[in-house]
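Asker: Let's see this in three dimensions:
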Amino acid sequence: MIFGSSLTQVKKALRFVQNYDLERWGLDADVVKRQAMHNMSKVKGPVFSTMRNDKVDFLVAEVTDNGLPSRSCWILHPGLHKSLERVFRGPSWVVVPSRDSLMAFNANPLLRAGLQNRLSEDYRTTGHSISDRLFEVRADGVVLAWHICAEGVVMAKRGPTAASGPRLLSGGNPQMAKGDGDAVVQQWIAAMPRWKQDVGRRLDQLIVDRVPAVRKAVRWNTPFYGLEGQGWFMAFHCLTKYVKVAIFQGSSLLPLPPVTSKQPNVRYVHLTETEPIDWDQMGDWVVQASGLPGDPVF
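Answerer: Residues are numbered from 1 along each chain as shown. Next up is the predicted model:
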């Protein structure tokens, strides 16, 4: 939720902007983030309290200045690096265990893997976590410090300074330029994190198997599926704890896909890591959706 969620000023109160806001407004997450960063630059930087681990040379800091409704908002502040430099006198990492917390650690390489694994475990076992990622704070912004994959802990290549490939936005959603065709969709799927990538590949193959004439495109960091001259019938993107499948004429399907939308015709299916996925039912919905008039989204 770090790169995709931003802040907006509403009647002198700050709140998080979620993916459904971006969908409703038709805005790109980066546009909102840039405005949020501009807004945050006008706010005085965060104040931290610190504590030291007696067993190892490990300093921990937490935001104590609660000038914003959510302390985690401070990760967007362009002065975060300077604030932490004053605390740690060197490199630092930050984690966002909840919307009301922002914790920072001195960048001790000996403890890096253990910290990331603990963060990942907390994320799996609590419903309050925002992100399972360890972020590195740099003078030019906040980037992913480490990425957990099937092989273990490896250096992340995704971040605002990465030279190639999509970087990850909110909930692990890949960011990439718009494009048309299977190749660009496969590139987007290849950037999906961990278990979500397996779900994305299987869903993409299911759509191709059930609708051989399908056309594909990526818009707004989201893969779309449709038929030539008939609009688009399905899309999906990553959120923190599930892959969200949008069926544009979902209200006309039987049985109804389970999740409602503010748009009367649209229904959603949430595919999670822990709940069984009924791929036969998904395939039936794909066939039904492709046989209905598509949505001319773009």
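Asker: What is the longest helix that the chain contains packed up against?
Answerer: Counting residues, the longest helix found in the chain (DSSP state H) is helix 194-210. Packed against helix 194-210, as judged by 3 or more Cβ pairs under 8 Å, 6 or more residues apart in numbering; DSSP states H and E, are the following elements: helix 182-190, strand 231-238, strand 242-247, helix 279-290. In this view, the C-beta of every residue, glycine as well, is placed from N, C-alpha and C.
Asker: so it versus helix 182-190, what angle?
Answerer: 150 degrees (axes from the mean of the first three to the mean of the last three Cα atoms, to 10 degrees).
Asker: Past helix 194-210, which element shows up next along the chain?
Answerer: Going down the chain from helix 194-210, the next helix or strand is strand 215-219, by DSSP states H and E.
Asker: average pLDDT for that next one?
Answerer: Strand 215-219 carries an average pLDDT of 95.
Asker: In the longest helix of the chain, which residues have enough neighbours to count as buried?
Answerer: For helix 194-210, a neighbour-count test (16 or more other Cβ atoms under 10 Å) marks K196, Q197, V199, G200, L203, D204, L206, I207, R210 as buried.
Asker: got the CA positions of that helix in PDB?
Answerer: The C-alpha atoms that make up helix 194-210 are tabulated as PDB, following Å, rounded to 0.1, in the frame of the first residue of the first chain:
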ATOM      1  CA  ARG A 194       5.100 -14.600  -5.400                       C
ATOM      2  CA  TRP A 195       1.800 -16.500  -5.300                       C
ATOM      3  CA  LYS A 196       0.000 -13.800  -7.200                       C
ATOM      4  CA  GLN A 197       2.100 -14.500 -10.300                       C
ATOM      5  CA  ASP A 198       0.900 -18.200 -10.300                       C
ATOM      6  CA  VAL A 199      -2.700 -17.000 -10.100                       C
ATOM      7  CA  GLY A 200      -2.100 -14.500 -12.800                       C
ATOM      8  CA  ARG A 201      -0.500 -17.000 -15.200                       C
ATOM      9  CA  ARG A 202      -3.300 -19.600 -14.600                       C
ATOM     10  CA  LEU A 203      -6.000 -17.000 -15.100                       C
ATOM     11  CA  ASP A 204      -4.400 -15.700 -18.300                       C
ATOM     12  CA  GLN A 205      -4.100 -19.200 -19.700                       C
ATOM     13  CA  LEU A 206      -7.700 -20.000 -18.700                       C
ATOM     14  CA  ILE A 207      -9.000 -17.000 -20.600                       C
ATOM     15  CA  VAL A 208      -6.900 -17.900 -23.700                       C
ATOM     16  CA  ASP A 209      -8.200 -21.500 -23.500                       C
ATOM     17  CA  ARG A 210     -11.800 -20.500 -23.200                       C
END
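Asker: now what about that helix, what contacts it?
Answerer: The set of residues that contact helix 194-210 without belonging to it, under Cβ atoms under 8 Å, 6 or more residues apart in numbering, is 148-150, 172, 185-186, 189-192, 214, 223, 225, 234, 236, 238, 243, 245, 271, 273, 277, 279, 282-283, 286-287, 290.
Asker: Stretch 83-99 now?
Answerer: Residues from elsewhere that reach stretch 83-99, judged by Cβ under 8 Å, 6+ apart: 1-2, 16, 45-48, 50, 59, 61, 70-72, 75, 77, 80, 102-107, 112, 115, 119, 122, 128-131, 133-137, 142, 145.
Asker: Show me which of those residues are buried.
Answerer: Applying 16+ other Cβ under 10 Å to the contacts of stretch 83-99, the neighbour count classes 1-2, 16, 45-46, 48, 59, 61, 70-72, 75, 77, 80, 102-107, 112, 115, 119, 129-131, 133-137, 142, 145 as buried.
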